[in-house]
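1. Here's a sequence, model it:
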Amino acid sequence: MDNINSKDIFQGETFLLKTVSQDGYSVIIGGICSNGKKEESILAYSQINKIKLGQSKDEFLVDYTLAKAITQLSPRWIIIVGASIYIHGVQKNTGGIIGNPFEEHESSNGGIEEVISGLFLISSPGGPGIAFRGNYENGRLLEKMVKDENTSQNIKIELILKKLDEITKLYILVADGSGKESFGGIFVCDSNGKTYERFC
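-> Modelled structure (predicted):
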């Protein structure tokens, strides 16, 4: 587990909260931040309860509106943040974002990105999105699992979480919260253990 030189990689922690937007939509926010910043991160993102998020049922606009709100609330010490929102009536799976909140908002086009040394991000249309401490080889294996279209989303997420638990002690997994087949939730793990929030 975490079988790479630990002094050369990021030693962060995760945070997670579930709240409601100003217009009554359930939102889960989680991420990876610098050590010692967990409580401050939760406090910063809890302010999403002052922002309206449900103005559209269009899958692109749901993600864009959520990403814009997350960027607005993000403190500088956030490395990776993910969010999942449940909006009733959305048909196609959407409402799940993950990435660096200070980069330009764009739809996922797949692939693996090394965010900082030893911390990788995998995002692909349909998800789930993942960030984890590890190596590129682990990333290729996880990316293949994410892109597997022959496995239901629920089973896919279970398998990915099992694999993440085998390879690392620092990760976040974000699943779309809206749409007929969405899984809706965020799973995080750090040296203090694992936790998750879901909509159901």
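2. now Leu173, nearest residue through space, not along the chain?
-> Spatial nearest neighbour of Leu173, excluding adjacent residues (CB to CB, 6 or more residues apart in numbering): Phe187 at 4.5 Å. For glycine as for every other residue, the C-beta is placed from the backbone atoms N, C-alpha and C.
3. Report the contact partners of the one you found.
-> 157, 161, 171-173, 194-196 (CB atoms under 8 Å, 6 or more residues apart in numbering).
4. who wins for most neighbours among those residues?
-> Leu173 (28 neighbours; other CB atoms under 10 Å).
5. Now flag whichever of the contacts of Phe187 is closest to Tyr64.
-> Tyr64 has its nearest neighbour among the contacts of Phe187 in Ile172, at 20.5 Å by CB to CB.
6. Give the helix, strand or coil label for that closest one.
-> strand (DSSP: H, G, I helix; E, B strand; the rest coil).
7. distance of it from Leu16?
-> 8 Å (CB to CB, to the nearest Å).
8. Confirm the residue nearest to Leu173 sits in a strand?
-> Yes: per three-state DSSP, Phe187 lies within a strand segment.
9. hey, what's it bridged with?
-> Beta-bridge partners recorded for Phe187 (DSSP bridges): Leu173, Tyr196.
10. go on, Leu16?
-> Here Leu16, judged by DSSP bridges, has bridge partners Gly30.
11. For it, grab the count of nearby residues.
-> 20.
12. ok, it - contacts?
-> Taking CB under 8 Å, 6+ apart as the test, what Leu16 contacts is 28-30, 42, 186, 188, 195-197.
13. so which two of those are the farthest from each other?
-> Farthest apart among the contacts of Leu16 - using CB to CB - are Ile42 and Tyr196, which lie 15.1 Å from each other.
14. Now the buried members of the contacts of Leu16.
-> Taking 16 or more other CB atoms under 10 Å as the criterion, what is buried in the contacts of Leu16 is 28-30, 42, 186, 188, 196-197.
15. Can you add pLDDT and distance to Ile98 and give those residues back as a markdown table?
-> Converted to a markdown table, these look like this (pLDDT from 0 to 100; distance: CB to CB, whole Å):
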| residue | pLDDT | distance to Ile98 |
| --- | --- | --- |
| Ile28 | 97 | 12 |
| Ile29 | 98 | 11 |
| Gly30 | 98 | 9 |
| Ile42 | 97 | 17 |
| Ile186 | 97 | 9 |
| Val188 | 98 | 12 |
| Tyr196 | 95 | 15 |
| Glu197 | 94 | 15 |
